[in-house]
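Engineer: give me a 3D structure for the following:
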Amino acid sequence: MTRQAQLDQLEAQVRDTLQEGDILFISINSFLYKQVARGTGSWCSHVGFVVREQGEWFVMESAVPVVKRSPLRSFLSKTCEDQVAIRRLKSGVSSDQIDRLKAEAEKRLGTFYHLGFKYDSKRQFCSKFVHECFRDALDIKLGKVETLEVLLEQNPQASVGFWRAWYFGLIPWQRRTLTPASQLADDALETVFSTRSC
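Structural biologist: Residues are numbered from 1 along each chain as shown. Next up, the predicted model:
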């Protein structure tokens, strides 16, 4: 099967499952994102949430370089080995809540990406963006905010050498961050579709 055919099949499966407000997890095939996944003991390294506009599906995401609205197919095309999971709030999402989620996402469109994954920053990164939108729109905090020290202590398989180099020789141990893996495991969500075990 060609890559195009694989993507067609994956997109069709995802479209058949989607509801607005669903959260999509993927695995990006780049060195940085692979280190993010490895450092959290998870397969996933990127996350966004789904909205529908004028009959089309889009994923609101914080990506390099800015927060943007991506067509569903464009978002899915970034995942490696067709790895994707869709998780949904167990409590459900009303149309009014969807409107609030969209409004929070719109406020952040164009905000630059924080390559140092600093939660306490005006910049965004994927899991922080999802966390903030759901927190401010629905008062639901998805994922766990923790320091780099705690995160790396809990994940001994992480490459401390890589992160030391990434932070120019000195890891900011007390920097707070938030990972896609912690959202993938959040008890407020249920998995409604996955191409692999979550």
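Engineer: would Gly39 count as being in a helix?
Structural biologist: Yes - assignment of Gly39 by DSSP: H, G, I helix; E, B strand; the rest coil places it within a helix.
Engineer: the residue nearest to Ser121 when sequence neighbours are not counted - how many residues pack around it?
Structural biologist: Nearest residue to Ser121 in three dimensions, chain neighbours excluded: His114, at 5.1 Å (C-beta to C-beta, 6 or more residues apart in numbering). C-betas here are computed from N, CA, C, even on glycine. By other C-beta atoms under 10 Å, 17 other residues sit near His114.
Engineer: now do the contacts for His114.
Structural biologist: Contacts of His114 were listed using C-beta atoms under 8 Å, 6 or more residues apart in numbering, and they are Ser121, Arg123, Gln124, Phe125, Lys128.
Engineer: with Arg108 instead?
Structural biologist: Arg108 makes contact with Ser62, Val67, Gln124, Phe129, Glu132, Cys133 under the criterion C-beta under 8 Å, 6+ apart.
Engineer: per-residue pLDDT, it?
Structural biologist: Turning to Arg108, the model gives it a pLDDT of 98.
Engineer: quick check: it vs Leu184, distance?
Structural biologist: Counting by C-beta to C-beta, to the nearest Å, the gap from Arg108 to Leu184 is 21 Å.
Engineer: rewinding a little: just the ones of the contacts of Arg108 in helices?
Structural biologist: Judged by DSSP state H, the subset of those located in helices is Phe129, Glu132, Cys133.
Engineer: most neighbours among these, which one?
Structural biologist: Neighbours here are counted as other C-beta under 10 Å. On that basis the top member of the ones in helices among the contacts of Arg108 is Cys133, with 28 neighbours.
Engineer: wait, isn't that residue in contact with Ala105?
Structural biologist: Yes - in terms of C-beta atoms under 8 Å, Cys133 counts as a neighbour of Ala105; the distance is 5.4 Å.
Engineer: now the strands: where do they sit in the chain?
Structural biologist: Remark: strands of the chain, listed N- to C-terminal, are 23-28, 46-53, 56-62, 67-71, 79-89, 145-147, 176-178, 189-194; assignment by DSSP state E.
Engineer: give me the buried positions along the fifth one.
Structural biologist: By that I understand strand 79-89. In terms of neighbour count (16 or more other C-beta atoms under 10 Å), strand 79-89 has its buried residues at Thr79, Asp82, Gln83, Val84, Ala85, Ile86, Arg87, Arg88, Leu89.
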